[in-house]
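Novice: Pasting a predicted model and its sequence here:
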Amino acid sequence: MKLTKVLSDSFLKAGLSQKVNLFKHDSMIGFDLGLEKLNMVQIDFRSGHPIVHAAASDYHDANLDELLKNPDSFKKLIKSSLKSRKFSGRKVVSSVPSYFLRLLFLNYQLGKNESDTESLLSALKRRVNGDLSEFVIDYLPIKPDATERNDRMALVSMAKQDIVEQYLDVLADCNLDVVALEIGPVAIRRLINTMATTEQPQKILTVNFGTNRSYLTVIWNNELLFDRKIDFGMDTIIAVVARAFDVPVRTALEVLHKYGLDEPKRPVFSDENDLVDIDDDDNDSGIKNTIYDILNPSFVSLAAEIRDIMVYVASETRGGAVDQIFLMGSLARLAGIDYVIDKLITIPVKTINPFYGIKVDDVSNTLYDLGPVAGVAVATGLALRGRY
């Protein structure tokens, strides 16, 4: 049976209650499946304080469409990841893979004698110009704190119900007990708010880099204000490097991970026009300079997208401005990317540390082979569900 479900809190909990259990305050595993990697984080709470119990970030070679049809290799990956780290239990809060998801901002008006949900559905039908009966639909009200309107706005997520059911079946076949499904922006909001619990509410833009798309999310005074998808991701950067060096894509990726995007070392001359020694190996420095130069136009385009969002934020908040930009996801694993973008934007840019303010249990084992922690930001936000 296919139903349209509109939920305002927990994605799918009501619509698929036979598969998704009611949330319990146990130690949950944040489960975030991307096109490249499977990211998992488990957080315990001791005396009310969060502690990272286990974490994993593993590449997978699964095509997500094929994954639903033939999940055997994926099952092996999950079994191996859970066994090699010290994850306890099998209760997970999973993101809905963005590959299967459509997100859109919807403006609508509350109709006469209609509930908020009914008005939203009416507007959504007009927007998508199609039948909604085969979709599972969730929405999150958007409430900028600086304005009061009669009109309403919501972030709407749509996923084909049969795809969602297949995805849940795959996780169940992996002996995972899915207690909730969420969308990435909600997990990011929770993570940012957790990082700000000891300070005043923050005004943050996050850039969550994906494989071929990225997501720009604005958190304003603990509320979600904006979320936009852009056609820019790891593949964008790899393609530029591969063309410039005339190498295969895999080699281009290896070059990026080896040399990163650190500040390039340029030759420096003295007053006598003599070359001054530089610290880096000359060959490495030359490669870094080349990478920086060939990728700079791509990051200039990204900076233009960010500035457009800053204009929108100012219009929605009566002249307000974002205080900080956090980078997360695939590209955020490259050394120096925060430096590159920071040079192009007037707002401070940092690669996020999702474990900021959170103790890590048994650091050497928990973080072993994890790689840069910016890649597990969404998984960390998922693992914090129910506590923040």
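Specialist: Good, I have the coordinates.

Novice: now the helices: where do they sit in this structure?
Specialist: Using DSSP state H, the helices of the chain run over 64-69, 72-84, 116-128, 161-173, 184-195, 234-245, 249-259, 282-316, 337-342, 363-366, 377-383.

Novice: Which among those is found nearest to Arg152?
Specialist: Closest of the helices of the chain to Arg152 is helix 116-128, at 7.0 Å (criterion: Cβ to Cβ). Quick note: C-beta positions are derived from backbone N, CA and C, even for glycine.

Novice: returning to that earlier point: mind putting the helices of the chain in JSON lines, distance to Asn212 and mean pLDDT included?
Specialist: Formatted as JSON lines, these follow (distance: least, Cβ to Cβ, whole Å; pLDDT from 0 to 100):
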{"stretch": "helix 64-69", "distance to Asn212": "13", "mean pLDDT": "80"}
{"stretch": "helix 72-84", "distance to Asn212": "20", "mean pLDDT": "86"}
{"stretch": "helix 116-128", "distance to Asn212": "23", "mean pLDDT": "90"}
{"stretch": "helix 161-173", "distance to Asn212": "19", "mean pLDDT": "93"}
{"stretch": "helix 184-195", "distance to Asn212": "15", "mean pLDDT": "92"}
{"stretch": "helix 234-245", "distance to Asn212": "5", "mean pLDDT": "94"}
{"stretch": "helix 249-259", "distance to Asn212": "12", "mean pLDDT": "91"}
{"stretch": "helix 282-316", "distance to Asn212": "13", "mean pLDDT": "90"}
{"stretch": "helix 337-342", "distance to Asn212": "17", "mean pLDDT": "94"}
{"stretch": "helix 363-366", "distance to Asn212": "30", "mean pLDDT": "70"}
{"stretch": "helix 377-383", "distance to Asn212": "17", "mean pLDDT": "97"}
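
Novice: any chance of those helices in JSON lines, with distance to Lys91 too?
Specialist: Listed next are the helices of the chain as JSON lines, based on distance: least, Cβ to Cβ, whole Å:
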{"stretch": "helix 64-69", "distance to Lys91": "21"}
{"stretch": "helix 72-84", "distance to Lys91": "12"}
{"stretch": "helix 116-128", "distance to Lys91": "29"}
{"stretch": "helix 161-173", "distance to Lys91": "11"}
{"stretch": "helix 184-195", "distance to Lys91": "16"}
{"stretch": "helix 234-245", "distance to Lys91": "30"}
{"stretch": "helix 249-259", "distance to Lys91": "33"}
{"stretch": "helix 282-316", "distance to Lys91": "36"}
{"stretch": "helix 337-342", "distance to Lys91": "34"}
{"stretch": "helix 363-366", "distance to Lys91": "19"}
{"stretch": "helix 377-383", "distance to Lys91": "11"}
